[in-house]
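1. please find the sequence and the predicted model below.
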Amino acid sequence: MAAEETSSTLRQRNVKAPMSQAEEDASPASNKEHIDSAGGLIQWRRHMEDVKAELLEQIQGQLSDLLEKVISESVQSYFQHSKPPANSNETEAMSRKQRLSSEQGKVFLERRSLLDELFEIDHIRTIYHIFIAMLCVFIISTVAVDFIDQGRLVLEFDLLFYAFGRFSTVVFAWLCMCSYTLVVPYKALCLWGGHYHSVRFRGGFTFVVGSLVLACQACVLGVYPIYVVVHYKLPPASSFIVILEQIRFMMKSYSFIRENVPKIMKAKLNQGEAAKLPEFSSYLYFLFCPTLIYRDAYPRNPRIRWKYVALNFAQILGCLFYGYFILVRLCIPVFTNMSKEPFSTKTMVLTLFHATLPGTFVLLLCFFAFLHCWLNAFAEMLRFADRMFYKDWWNSTSFANYYRTWNVVVHDWLYSYAYKDFLWLCGGRFRGAAMLLVFITSAVVHEYVLTLCLGYFYPVMFCLFAICGGVFNFALNDKRKGAVWNVLMWTCLFIGQGIQMCLYCQEWYAQIHCPAKEKGFWEFITPRSWSCRL
């Protein structure tokens, strides 16, 4: 048997020998075919990778919206089926009440920021590189102008030093506001919650404690920051820090009280049992985590990526220098001497469209520096897992969607405590009035910030936000779909930023060239740029 297998193997080798000789003769042609097929395979693989990236990008947005819709519907469905109503009238009343007052509100999930996910795609990453290249161009042009004009490199950055002047005063004011917010609202809630179920006159007790807290809020978080900004004449960037922190502490303390008071009032306690109060550690974490909606616990990441934190702070610093070069190269040379020239419609229109580019740059820099880098840096240091601080507002085809997705952190607060509470008070009616209330409130706060930080009253932001923004919000609603509406949204955004940049810069230099002769109410609210001609 072994001999037969050996002879069979020898015969197979003898047959294969001439075939291998023929293959060697045809090797150049076969190698060429292999090379061609390998090249085609590589091209096909690259094509499939591009298709994969596009599919993932499209599916990601749709899946995120779908999951959010499923979560909200599941929460509503749970409350609808938890207690069956007695009749149809109760069904309608309970369903309305459950939609308005029994919803769980914002659901925090573990998710990354949208730009972090998009930057993993090479095509999107290239856009980021383009902006860095533009910053390099600004730096090179500034260095070239310095060598041409001065014969040397001038790195003074006097504008940045001026904008962040009196920083020690800013730190002291922030420490005062932070210490107050850390102690008073929490202690007041514990005092009220610990005695609410044991006192005889609960309404009177609640009114007294609430009035005292409201008075303290008005003095420390209301009057004191305004006094610091006005009395010490803080420059714009320092004023922005104080005023924005004032608003943040007020919104956080309100959310903390608003979320816990109903829980304590609805708690059913046995004899001698104390109400369950929030822990101080939860409140302390809430004060610094990047959200304005209080919860006793949030989803947390297992570890801190310190390289990611350092990268975000480095990008914030880069955005500051980016903004500096934009103002120095594109704005200051245009608006410095504008008040000295005779007014004409042509000059005004040309200046407005000239300001469109720097205005749009400033908008994008503020978005990237604050809503992405700053919030993600603090979220990473605190291991805060829900990083949805914004959505894909750049894909909006309506201003209604743009306002919802531009700043999700503030939108969640306005939706939870302004829009929903107004609807709850009105029994679910007047949704248009509730939306208008949110617009007016947001516009007033924006104008309040700009007035105190710039040092003059010029309601450009209020008019664009409350009037034009309100009209666009109702006219360009979510029913508008398609690329044309996205182009229209961006066009209106560009023009709006150009108007703000142009008019605010004109008023800034008019305040310098034509200071007020008398200090009064009418002199403060009358724009100086309307009459300042040198």
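-> Noted; the coordinates are in hand.
2. quick one: low-confidence parts of the stretch 251-400 of the chain?
-> For the stretch 251-400 of the chain, applying pLDDT under 70 flags the ranges 272, 339-343.
3. recalculate using a threshold of 80.
-> 267, 269-275, 336-348 (pLDDT under 80).
4. and the helices in it?
-> According to DSSP state H, counting those that start in this stretch, the stretch 251-400 of the chain carries its helices in the segments 280-288, 306-326, 332-335, 345-354, 356-366, 375-381, 399-406.
5. residues near residue 270, how many?
-> Number of residues near residue 270 (other C-beta atoms under 10 Å) recorded here: 5. Every C-beta, even on glycine, is put in place using the N, C-alpha and C of the backbone.
6. which pLDDT value belongs to the residue lying closest to residue 261 once chain neighbours are set aside?
-> Spatially, and ignoring its direct neighbours in sequence, residue 261 is nearest to residue 189 (7.5 Å; C-beta to C-beta, 6 or more residues apart in numbering). For residue 189, the pLDDT comes out at 91.
7. residue 189: which element?
-> Secondary structure assignment for residue 189, by DSSP states H and E: helix 167-195.
8. and that helix, how far from the chain's centre?
-> 25 Å (C-alpha atoms, centre = their mean, to the nearest Å).
9. just checking, next helix/strand downstream of that helix?
-> Where DSSP H and E defines the elements, the next helix or strand beyond helix 167-195 is helix 202-216.
10. what's that following helix packed up against?
-> helix 167-195 (3 or more C-beta pairs under 8 Å, 6 or more residues apart in numbering; DSSP states H and E).
11. quick one: the helix it packs on to helix 202-216, angle?
-> Relative orientation of helix 167-195 and helix 202-216, computed by axes from the mean of the first three to the mean of the last three C-alpha atoms, to 10 degrees: 170 degrees.
12. what packs against helix 167-195?
-> On a contact count with 3+ C-beta pairs under 8 Å, 6+ apart, helix 167-195 meets helix 202-216, helix 224-231, helix 236-266, helix 280-288.
13. give the buried residues for that helix.
-> By neighbour count, with 16 or more other C-beta atoms under 10 Å as the criterion, the buried positions of helix 167-195 are 169-170, 173-174, 177, 180-182, 184-186, 188-190, 192-193.
14. just stretch 117-128 next, same as before
-> 117, 118.
15. so how far is the first residue of it from its last?
-> Taking C-alpha to C-alpha, to the nearest Å, stretch 117-128 runs 13 Å from one end to the other.
16. and it, how far out from the chain middle?
-> For stretch 117-128, the distance to the chain centre is 19 Å (C-alpha atoms, centre = their mean).
17. so who does the residue nearest to residue 261 touch?
-> Residues counted as contacts of residue 189 (C-beta atoms under 8 Å, 6 or more residues apart in numbering) are 256, 257, 260, 261, 277, 278.
18. which one of the helices of the stretch 251-400 of the chain lies nearest to residue 215?
-> Nearest to residue 215, of all the helices of the stretch 251-400 of the chain, is helix 280-288, at 21.0 Å by C-beta to C-beta.
19. run through who's touching that closest one.
-> 178, 181-182, 186, 249, 252, 256, 294-298, 378, 382.
20. for that helix, buried residues please.
-> For helix 280-288, the neighbour count (16+ other C-beta under 10 Å) marks 283, 285, 286, 287 as buried.
21. and of the residues you listed, the nearest to residue 498?
-> residue 287 (37.6 Å).
22. quick check: mean pLDDT of the strand or helix carrying residue 46?
-> According to DSSP H and E, residue 46 maps onto helix 27-82. Helix 27-82 shows a mean pLDDT of 58 in the predicted model.
23. equivalent analysis for stretch 113-123, please.
-> Mean per-residue pLDDT for stretch 113-123: 89.
24. quick one: end-to-end length of it, please.
-> Start-to-end, stretch 113-123 (C-alpha to C-alpha) is 18 Å.
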